[in-house]
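1. coords below, sequence missing:
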């Protein structure tokens with residue numbers, strides 16, 4: 001017999017899924033077998049994760065990666081989240097989490113949020129671990145908090161500052177498209193960090209095919225204070241999204257205005273293709289991979305300076 005894979009349609013909790021399952025194939029009798037325990041368990045895992053992806057839930061490996069961020073075993077991670085002792089063990093091995101639990105586990109990606117969990121559930125942790133172990137855990141979380149701040153420019157994300165920068169750029173840039181705005185926001189934040197050791201918005205940026213994009217960009221642009229329209233583009237026979245206006249009463253200090261004006265001066269006449277090509281030459285883009293968060297440490301090598 002040889003191991004083969006076969007595409008199948010299965011239904012989990014009323015949801016149809018297309019999955020690729022593994023079987024042993026007996027060529028003599030032309031039959032498939034999956035009675036091997038290891039093979040059967042792996043097929044169940046594939047089905048569970050297919051359902052999770054369809055329902056926008058964390059896969060078992062994604063849960064494990066969040067847990068390993070803090071060097072925690074399954075029981076300790078579960079207790080710190082306020083779950084039962086074996087809950088995370090089940091989610092990493094044989095059960096699909098409910099949406100409410102999935103949200104809580106996702107929240108642990110934010111080390112500040114998880115620090116509060118560690119304080120709140122300290123007594124549960126100390127039932128099975130030493131005080132030294134607990135203090136070491138807090139140190140690990142605090143290190144993650146500091147690392148996280150580097151990824152957002154030494155400040156936490158501030159929605160009013162984001163809206164204020166968008167408004168300032170809309171008022172000073174003609175035909176501000178969604179793609180151009182993403183790059184201008186990146187240059188504003190990284191130039192601010194380069195010159196003054198902190199970003200203006202606190203946005204994190206990810207390496208995208210078209211350059212740097214803010215993490216959660218579409219959600220942030222869906223703000224009621226931002227008006228976006230689509231416009232037909234003859235050049236490539238497609239539609240582009242134009243930032244029409246943005247309501248904001250944000251008042252910036254002189255340093256922040258200086259930064260924004262410098263970026264506007266440099267990029268005001270760039271079309272989408274121009275600014276994408278320009279950004280692609282930045283070391284921050286060259287040295288990072290697709291979907292990787294771009295650290296503000298690259299601001300030291302930014303091509304623009306005050």
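-> It's in. From a predicted model like this one, the values you see are computed outputs, not experimental measurements.

2. Quick check, residue 247 in contact with residue 164.
-> No: in this structure, residue 247 is not within contact of residue 164 by CB atoms under 8 Å, at 10.2 Å. (C-beta placed from N, C-alpha, C; glycine too.)

3. any idea which residue sits dead centre in the chain?
-> Nearest residue to the geometric centre of the chain (CA atoms, centre = their mean): residue 215, 5.8 Å.

4. Excluding covalently adjacent residues, which one is nearest to it?
-> By the measure of CB to CB, 6 or more residues apart in numbering, the closest residue to residue 215 outside its immediate chain neighbours is residue 204, 4.3 Å from it.

5. ok, now residue 279?
-> Nearest to residue 279 is residue 211, by CB to CB, 6+ apart, at 3.9 Å.

6. gap between the two ends of stretch 79-94?
-> 19 Å (CA to CA, to the nearest Å).

7. contacting residues around it?
-> 44, 48, 60, 63-64, 67, 72, 74-75, 77-78, 97, 101, 104-105, 108, 114, 117-118, 120-121, 124-125, 127-128 (CB atoms under 8 Å, 6 or more residues apart in numbering).

8. Then stretch 95-107?
-> With CB under 8 Å, 6+ apart as the criterion, stretch 95-107 contacts 12, 48, 51-52, 55, 57-58, 63, 66, 81-83, 87, 91, 113-114.

9. Can you select the buried ones from the residues you listed in PyMOL?
-> Here is the PyMOL command that selects only those of the contacts of stretch 95-107 that count as buried (16 or more other CB atoms under 10 Å):
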select buried, resi 12+48+51+52+57+58+63+66+81+83+87+91+114
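
10. Of the contacts of stretch 95-107, which belong to strands?
-> residue 12 (DSSP state E).

11. who's more crowded, residue 247 and residue 164?
-> Between residue 247 and residue 164, residue 164 has the larger neighbour count (other CB atoms under 10 Å), namely 21 against 12.

12. residues contacting the more buried one?
-> With CB under 8 Å, 6+ apart, residue 164 has these contacts: 248, 250-252.

13. Let me have the residues you listed in JSON lines, adding pLDDT and distance to residue 280 as columns.
-> Listed next are these as JSON lines, based on pLDDT from 0 to 100; distance: CB to CB, whole Å:
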{"residue": "248", "pLDDT": "96", "distance to residue 280": "30"}
{"residue": "250", "pLDDT": "96", "distance to residue 280": "30"}
{"residue": "251", "pLDDT": "96", "distance to residue 280": "34"}
{"residue": "252", "pLDDT": "97", "distance to residue 280": "29"}
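
14. So how do I select the buried members of these in ChimeraX?
-> This is how ChimeraX selects the buried members of the contacts of residue 164, with burial counted by 16+ other CB under 10 Å:
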select :248,250
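
15. Show me the helices in the stretch 101-250 of the chain, by range?
-> Using DSSP state H, counting those that start in this stretch, the helices of the stretch 101-250 of the chain run over residues 111-120, 122-126, 131-151, 159-172, 178-196, 217-221.

16. Deepest-packed of these, please.
-> Stretch with highest mean neighbour count among the helices of the stretch 101-250 of the chain: helix 178-196 (a mean of 23; mean count of other CB atoms under 10 Å).

17. Where does the prediction get shaky in the stretch 201-306 of the chain?
-> Counting by pLDDT under 70, the stretch 201-306 of the chain has low-confidence residues at 232-239.

18. All the strands of it, residue numbers only.
-> 205-208, 211-214, 226-233, 238-246 (DSSP state E, counting those that start in this stretch).

19. Mutual contacts of residue 247 and residue 164, please.
-> In contact with both residue 247 and residue 164: no residue, using CB under 8 Å, 6+ apart.

20. who's residue 214 bridged to?
-> Under the criterion DSSP bridges, residue 214 forms beta bridges with residue 205.

21. thinking again about what came up before, contacting residues around the residue nearest to residue 279?
-> With CB under 8 Å, 6+ apart, residue 211 has these contacts: 179, 182-183, 186, 275-276, 279-280, 285.

22. measure it to residue 71 for me?
-> 35 Å (CB to CB, to the nearest Å).

23. Residue 49 now?
-> 24 Å.

24. Neighbour count for these two, which is higher?
-> More crowded of residue 49 and residue 71, by other CB under 10 Å: residue 49, with 19 against 11.

25. Done for today, thanks.
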